[in-house]
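Enquirer: structure here, sequence nowhere to be found:
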């Protein structure tokens, strides 16, 4: 049986291969997905598979050649905290690289809440930890 940390790596593989169906297979049908774009767009969290699809499409419209690298995962029971390096190119070809922290709450091997942070301290606080 897979542990939750292994599910994070599976999600990264699905993302890197561009296989949305494999990514969605790791998400509960009612998942709450809060990307780093939500605060920037002053929007609400995306919900369900339709919400994940809209995030996926928006991200791939804005950037090309997207790739994530998992630099480490902490497993805290039902919650994982992953340090993620995102790379790609903007529409006009300028390179983009960003370090993010993904806090995911899992239930029955499906993500029920996925939240992206730009700082480790915020991610750890959201996971109920301190640095």
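Expert: Cool, got the structure. Note that the coordinates shown come from a computational prediction; the quantities given were computed from them, not determined experimentally.
Enquirer: okay, CA-based contacts and neighbour counts for the rest of this
Expert: OK.
Enquirer: name the residues of stretch 14-25 that come out as buried.
Expert: Along stretch 14-25, the positions that meet the burial threshold by neighbour count (16 or more other Cα atoms under 10 Å) are 14-15, 18, 20, 23-24.
Enquirer: over to stretch 75-94?
Expert: When burial is assessed from 16+ other Cα under 10 Å, stretch 75-94 yields the following buried residues: 75, 79-84, 87-90.
Enquirer: how many neighbours does residue 4 have?
Expert: Residue 4 has 25 neighbours, counted by other Cα atoms under 10 Å.
Enquirer: format the buried residues of stretch 75-94 as a markdown table; extra columns: pLDDT and secondary structure.
Expert: Listed next are the buried residues of stretch 75-94 as a markdown table, based on pLDDT from 0 to 100; DSSP: H, G, I helix; E, B strand; the rest coil:
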| residue | pLDDT | secondary structure |
| --- | --- | --- |
| 75 | 93 | strand |
| 79 | 95 | strand |
| 80 | 96 | strand |
| 81 | 97 | strand |
| 82 | 97 | strand |
| 83 | 98 | strand |
| 84 | 97 | strand |
| 87 | 95 | strand |
| 88 | 92 | strand |
| 89 | 92 | strand |
| 90 | 86 | strand |
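Enquirer: which two among those residues are spaced furthest apart?
Expert: In the buried residues of stretch 75-94, the most distant members under the criterion Cα to Cα are 75 and 90, with 32.3 Å between them.
Enquirer: and the residue lying closest to residue 47 once chain neighbours are set aside, bridged to which residues?
Expert: In space, residue 47 comes closest to residue 32 once its chain neighbours are excluded; the distance is 4.7 Å by Cα to Cα, 6 or more residues apart in numbering. Taking DSSP bridges, one finds residue 47, residue 113 as the beta-bridge partners of residue 32.
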